[in-house]
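> the sequence isn't on hand, but the structure is:
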C-alpha cells in the first residue's frame, strides 16, 4: 500500500470537515491523534528532502514524487 502527501492532506481536510459537522462532530482526542500522526509523517518527509538536498542525490521518494 502506497501513500503520498496528497493522501495526508486529504485525511486532514476530512478531519477538519468532521470537526465542523454540528450533527456528528469528530471526537477532539481522535482529531488530535490524527493530527499528531500526520505531523510525524510530514516530519519524516522533511528529513527525506533534507537528505536529498544534503547529498545531492538525484532521487525521489514514494511519498514525495
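Sure thing, it's come through. Note that the coordinates shown come from a computational prediction; the quantities given were computed from them, not determined experimentally.
> okay, residue 21: pLDDT?
Residue 21 is assigned a predicted lDDT (pLDDT) of 93.
> from residue 30, how far off is the residue nearest to residue 26 when sequence neighbours are not counted?
Spatially, and ignoring its direct neighbours in sequence, residue 26 is nearest to residue 18 (3.7 Å; Cβ to Cβ, 6 or more residues apart in numbering). Heads up, the C-betas are built off the backbone N, CA and C, glycines and all. In this structure, residue 18 and residue 30 are 9 Å apart, going by Cβ to Cβ, to the nearest Å.
> tell me the contacts of residue 42?
By Cβ atoms under 8 Å, 6 or more residues apart in numbering, residue 42 lies in contact with 5, 8.
> quick one: it and residue 28, what's the gap?
The gap separating residue 42 from residue 28 is 21 Å, by Cβ to Cβ.
> let me know the helix or strand that the residue of the chain positioned farthest from its centre is in.
Outermost residue of the chain with respect to the C-alpha centroid, by Cα atoms, centre = their mean, is residue 23; its distance is 26.2 Å. In this assignment (DSSP states H and E), residue 23 forms part of neither any helix nor any strand.
> distance of it relative to residue 47?
When distances are taken as Cβ to Cβ, residue 23 and residue 47 turn out to be 40 Å apart.
> and the residue farthest from the centre of the chain, backbone torsions?
phi -80, psi -30 (degrees, to the nearest 10).
> quick one: contacts for it?
With contacts defined as Cβ under 8 Å, 6+ apart, residue 23 has no neighbours.
> quick one: distance of whichever helix in the chain runs longest to the chain centre.
Longest helix of the chain, by residue count under DSSP state H: helix 28-55. Its chain's C-alpha centre lies 6 Å from the corresponding centre of helix 28-55 when counted by Cα atoms, centre = their mean, to the nearest Å.
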